[in-house]
Each structure stands twice: as C-alpha cells, then as structure tokens.
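S.K.: sequence? don't have it. structure:
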C-alpha cells in the first residue's frame, strides 16, 4: 500500500497545473482612490500594480501638471495607505517599479542644488538612498521579486550596478560585453541576471545579459534598416529574453531567447504596414506580446513556436500566461499559456458610461487595475477588479 501511495504522490508532482476557466466577469474588489473634477486633481499616467493588490500611483495636484516634479506618490494595499515621499534632503521623486514585497524604486531629486539619487522605498521604512550610490547623480531602474535591483551611479565615472537590500554594503559593477562600452539597464530576472541594451562605438545596438560575472550578447543583431530601441527588450523572472525589431518595410519581428540556452533564439515575424510596435511584455510561461500603431496586438509562444495577431489595444500578460486586451470597448481574456481555444469577451462590473473603463494594470494574481468615470464625468475612480470564475462542474 505504501508503495502505491508513493507512486501516486510522484505522479501528482509531474502532472501539469490545471488552470481555471476564463472568468465570467471582473467585479470590483477594492476602491483604491477617486478624484473629482471640482478639485482639479487628476491621476498621473503611470501605475504600478503588484501581487497582493499593491498599487503605487500618482495624483497630480490642481496647480501642477504631470511633467512637473512629483512631490509625492501614493501606495495602497489591503493593509492601508502610505504617502511615498522622497528621502531626506530631496524634494521630489520618480517611481519606476514596484515588486511583490511592496518595495518601490526609482530616483530622488532636488532642485537646489540640482541633484538626483537612487530611491529605495518601503511603507515601513520610507525612502532611502541605497548605500554606495552617488547622492548627486544615480538611480535605480529595475527590481526583481526577491529585492535585487539594478541601476546606475556616477560619482565622476558612470557605472551600471546591481544592489540588494539583503546585502546593502555590496555594490556590484556590471561590465558590458567587450566592444560595447554603452550599456542601459532594462530588467533583472529572479536569479539576478541583468538585461542590458548595449551599443558599440558606431552606435549599433544589441541585447546582452550580465550573469554576475560576465556579459554575453543574446539574440541576433538587427538587419540593415531595422530599428531596435532600448524599451524593446525585456526579461522575465525565469531569465528568458524577448527582443523586438521594427523592420524597414513597416513590419516587426519578435525574437525569443530562452534562459535554458541563450545561444539559441526563435524569430516570429509580423507583416506591416505599421508605424510602430511597442509595449513589449514577457511572461514566465514563455509568452511575449506587443501592441502596434495599427490597432492590433500580437502574441507569441516559445513552447508552441506559434504566433497570433488580434484586433485590439492595451495588451497585458502576467507571469502565469494569462493574456488580456481591449477591443471596441470590450475586454478579452485568453489563457495563452494553454494556447487553446480563442480569446473570450469578459464584462467589467464597473461604470461603462460615458466611456468604457480603462485597464491600467494586470497583476500575477489575475487582478485588474482600472480607471472609470461616473455618468457625468465628475468622479474618476481607480479600482481593483477580481475575476469571477464559473462554479466547478458537478462530478
């Protein structure tokens, strides 16, 4: 009997995780914040939405515009709210990322004298300038789920660096590949591999990965006439890399580089004409997606070696491979990790007048972050919506 039970446990460990069916709707779970038209306040255009329904957002005061330095941001979680303020001796800040532990990163800034410094913020401790970063010109650009962050510091010489609150006295210098002196930080995997956008002395761009010791070029170089921008390369928690090239003929290519063997890659080609392909995202499930100026969203699957293009806008893909996008005011959901069936429309239980709600975030818990207006446009609300799933079928 014991031998049979051991076999059953071993078999269960090898079975794939069964994903839930598409949600029947998304219903309001929490209201994060609201602004009224009479106040003159507006929401900023950037939102950061992490697991555990944690949100960092900005409300722009009536006497300022979003291009002005932000005196504060706001953090919301089911446990409470906090003002995100700059570190001591700085008067404004910019947030660029939020991780599942509620750590926000970016840069502090001051106007007199003019200076910028790396920002590391938590609700418990507030904002600090991490150890080793220059107080006059430095910044953090990306952070992973375990709290390792990467950015730059310049105390007389510019250096790309990796830093972690778990080892705050150590600042690791990131070395770009030989022959590519220019490097920009683009992302960091859960194991700490840092994705770089690098250029050679002639300005030719490539993607590279620094593994804590050396940097290696990944993926092919752009073909003659192709355009490759820094924002068009991303890395997931596993360490897979996706790269997007905008082709000379008005099309685009998505290159997928698997973490298991970064000497290999897959190429997915899409015809034009489009004037831009952007908002490149990557999932831990081996899925990558982007949006185009032609009102389409594209998605590729590395495990399936297949691709699709749908008519729509504002795509999001989370770590589990759940894919959503909008089309003509309707939200569509697809389990892209399973790569079966078709995207299905899913209603949102939020006000639809005078216009459809705007999805501004989709986290790894499958929650949506939305902006919606009331009927006469006097109140705009930022809310978290949870998926309502169909009841299980009877046995």
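M.R.: Yes, it's here. Since we're looking at a predicted model, the values are computed, not measured.
S.K.: So which residues of the stretch 101-250 of the chain form strands?
M.R.: Remark: strands assigned in the stretch 101-250 of the chain by DSSP state E, counting those that start in this stretch are 104-111, 114-122, 126-128, 138-143, 148-154, 158-164, 171-174, 182-188, 194-199, 205-210, 215-218, 233-235, 241-246.
S.K.: Surely residue 158 touches residue 138?
M.R.: No: counting by C-beta atoms under 8 Å, residue 158 does not reach residue 138; the two are 9.7 Å apart. Using the backbone N, CA and C atoms, a C-beta is placed for each residue, glycine as well.
S.K.: Report the set of residues contacting both of these two.
M.R.: residue 152 (C-beta atoms under 8 Å, 6 or more residues apart in numbering).
S.K.: Pick out whichever of those two has more residues nearby.
M.R.: Neighbour totals were compared for residue 158 and residue 138, and residue 138 leads with 25 against 13 (other C-beta atoms under 10 Å).
S.K.: beta partners of the nearest residue to the more buried one once chain neighbours are set aside?
M.R.: Leaving aside its sequence neighbours, residue 138 sits nearest to residue 153 (C-beta to C-beta, 6 or more residues apart in numbering; 3.9 Å). Applying DSSP bridges to residue 153 gives these bridge partners: residue 138, residue 159.
S.K.: so what's residue 153 up against?
M.R.: Residue 153 is in contact with 118, 132, 133, 134, 137, 138, 159, 161, 171, counting by C-beta under 8 Å, 6+ apart.
S.K.: Go again with 7 Å.
M.R.: In this structure, residue 153 makes contact with 132, 133, 134, 138, 159, 161, judged by C-beta atoms under 7 Å, 6 or more residues apart in numbering.
S.K.: Assess the claim that the first one and residue 168 are in contact.
M.R.: No: in this structure, residue 132 is not within contact of residue 168 by C-beta atoms under 7 Å, at 8.2 Å.
S.K.: Please identify which of the strands of the stretch 101-250 of the chain is closest to residue 85.
M.R.: For these, proximity to residue 85 was assessed by C-beta to C-beta; strand 126-128 is nearest, at 6.2 Å.
S.K.: quick check: mean pLDDT across the closest one?
M.R.: Mean pLDDT, strand 126-128: 97.
S.K.: Over to stretch 276-294?
M.R.: Stretch 276-294 carries an average pLDDT of 95.
S.K.: can you check stretch 261-272 too?
M.R.: In this model, stretch 261-272 has a mean pLDDT of 96.
S.K.: go on, stretch 351-366?
M.R.: 94.
S.K.: what does that stretch contact?
M.R.: 47, 49-51, 314, 316, 318-320, 322, 324, 326, 329, 331, 348, 350, 368-375, 377, 387.
S.K.: Strands - which of these land there?
M.R.: Those of those mapping onto strands are 49-50, 314, 316, 322, 324, 326, 331, 348, 368-373, 387, per DSSP state E.
S.K.: my guess is residue 309 meets residue 295, correct?
M.R.: No: at 10.7 Å, residue 309 does not count as touching residue 295 under the criterion of C-beta under 7 Å.
S.K.: Pull out the buried residues from stretch 360-375.
M.R.: Residues 360-373 are the ones in stretch 360-375 that count as buried (16 or more other C-beta atoms under 10 Å).
S.K.: What of stretch 32-42?
M.R.: The neighbour-count check on stretch 32-42 (16+ other C-beta under 10 Å) flags 32, 33, 34, 35, 41, 42 as buried.
S.K.: cool, and stretch 195-215?
M.R.: Applying a neighbour-count criterion of 16+ other C-beta under 10 Å, one finds 195, 196, 197, 198, 199, 205, 206, 207, 208, 209, 210, 215 buried in stretch 195-215.
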